[in-house]
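Engineer: Take this sequence and fold it.
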Amino acid sequence: QVHLVESGGGSVQSGGSLRLSCAAPEYAYRYCVAWFRQSPGKERDGVAAIATDGRPRYADFVKGRFTISLEAKTLYLQMLNLKPEDTAMYYCAADCPNYQGALLAQSYYYWGQGTQVTVSS
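Structural biologist: So this is what the prediction gives:
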């Protein structure tokens with residue numbers, strides 16, 4: 001079992017920024033890893049993923065605003081210019097062997113418990 005621990009969520013106003021972190025053991029990064037988000041009653045959507053060679057992939061709705069990075073066994077999501085529609089529980093996910101499906105929830109085996117992001121207008 002891989003233990004993923006997210007942190008960094010919180011409440012900000014529209015236009016604000018947050019940086020999410022996900023700590024995991026090194027072997028969790030043998031394949032691609034990603035951030036997902038989910039609002040009540042909605043599907044869990046892929047936000048950003050990063051391959052083992054560092055290639056990032058972003059959902060269209062965050063391009064230019066969010067940046068995914070992997071540093072010293074910690075996965076980050078830098079979020080700028082946050083909007084109310086970014087409000088959701090954000091999850092870290094690991095162990096995706098096929099980068100083609102990097103923004104699909106079913107591609108991942110391990111998940112964190114989530115960290116809440118709330119953006120007010």
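Engineer: For beta bridges, what are the partners of the residue nearest the centre of the chain?
Structural biologist: Centroid-nearest residue in the chain: W35, 1.7 Å away (criterion: C-alpha atoms, centre = their mean). W35 forms beta bridges with A48, C92, as assigned by DSSP bridges.
Engineer: from what I can see it touches I68, true?
Structural biologist: Yes: using C-beta atoms under 8 Å, W35 makes contact with I68 at a distance of 6.4 Å. For glycine as for every other residue, the C-beta is placed from the backbone atoms N, C-alpha and C.
Engineer: list the residues that contact both of the two?
Structural biologist: 48-49, 75, 77 (C-beta atoms under 8 Å, 6 or more residues apart in numbering).
Engineer: Can you lay out those as TSV showing distance to S11 and pLDDT?
Structural biologist: Listed next are the shared contacts of W35 and I68 as TSV, based on distance: C-beta to C-beta, whole Å; pLDDT from 0 to 100:
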residue	distance to S11	pLDDT
A48	21	98
A49	26	97
L75	22	96
L77	17	98
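Engineer: between the residues you listed, which is nearest V119?
Structural biologist: Set against V119, the nearest of the shared contacts of W35 and I68 by C-beta to C-beta is L77 (14.1 Å).
Engineer: doesn't that closest one fall inside a strand?
Structural biologist: Yes: counting by DSSP: H, G, I helix; E, B strand; the rest coil, L77 falls inside a strand.
Engineer: and it, what does it touch?
Structural biologist: L77 neighbours (C-beta under 8 Å, 6+ apart): 19-20, 22, 35, 47-48, 66-68, 90.
Engineer: check contacts around A48.
Structural biologist: 34-35, 56-59, 62, 66-68, 77, 103.
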